[in-house]
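*Asks:* my questions concern the predicted model and sequence given below.
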Amino acid sequence: MTSFFPTKVWEEYLRPLILRPRRLQVAALCLRGSGDNRKVLLITSRDTGRWIIPKGWPMNGKTCSEAALQEAWEEAGVIEAEIDDTPIGSYNYYKRRDNGTREPVTTLIYAVNVHKLADSYPEASQRKRKWLSPKKASTLVAEPELQELLAAL
């Protein structure tokens, strides 16, 4: 039995017209300690107050890892840290836009070993931050792929 709507037409022509491509974001998975003492830094989002990791859009003149580190400073106050230039993973989610639409986003995750946090930083009054065990952090974030990555630390 042949479908009236051939798969090839959908996959090659219609699907790309209907479904928008994913945009790219970069994120900083801020860590301290090791073994049983390893902790993950979570922050709250500005709009809903849900727990997330620092993230944002790529920046002109910066590599993706440098942009992730910049977000860690602005959103979480990370001032002394080491970052790996290779992403340790990624996750997908839908970003809610101000006009109510949802935009598909793929977020590359970069590991950041944090040595020091500032008390005063650009978004300090707009967010909370908290150091948690990876297991506890995995129960607080909403994105399943990020949950899996955190639980595996």
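*Replies:* Looks like it arrived, so ask away.

*Asks:* which strand or helix spans residue 149?
*Replies:* Remark: residue 149 resides in helix 144-151, with elements defined by DSSP states H and E.

*Asks:* buried residues of that helix, list them for me.
*Replies:* Buried residues in helix 144-151, counted by 16 or more other Cβ atoms under 10 Å: 145-147, 149-150. All C-beta atoms are positioned from the backbone trio N, CA, C, and that covers glycine.

*Asks:* which one of those sits closest to residue 80?
*Replies:* Using Cβ to Cβ, residue 150 comes nearest to residue 80 of the buried residues of helix 144-151, at 22.8 Å.

*Asks:* residue ranges with poor pLDDT in the chain?
*Replies:* Scanning the chain for pLDDT under 70 picks out 1-21.

*Asks:* which parts of it are helices?
*Replies:* Remark: helices assigned in the chain by DSSP state H are 7-9, 15-18, 64-76, 134-140, 144-151.

*Asks:* most packed of these?
*Replies:* Per residue and on average, the most neighbours among those fall to helix 64-76, with a mean of 22 (mean count of other Cβ atoms under 10 Å).

*Asks:* so which elements touch that helix?
*Replies:* Packing contacts for helix 64-76, counted by 3 or more Cβ pairs under 8 Å, 6 or more residues apart in numbering; DSSP states H and E, involve strand 23-32, strand 39-44, strand 55-56, strand 78-83, strand 102-117.

*Asks:* perfect, that will be all.
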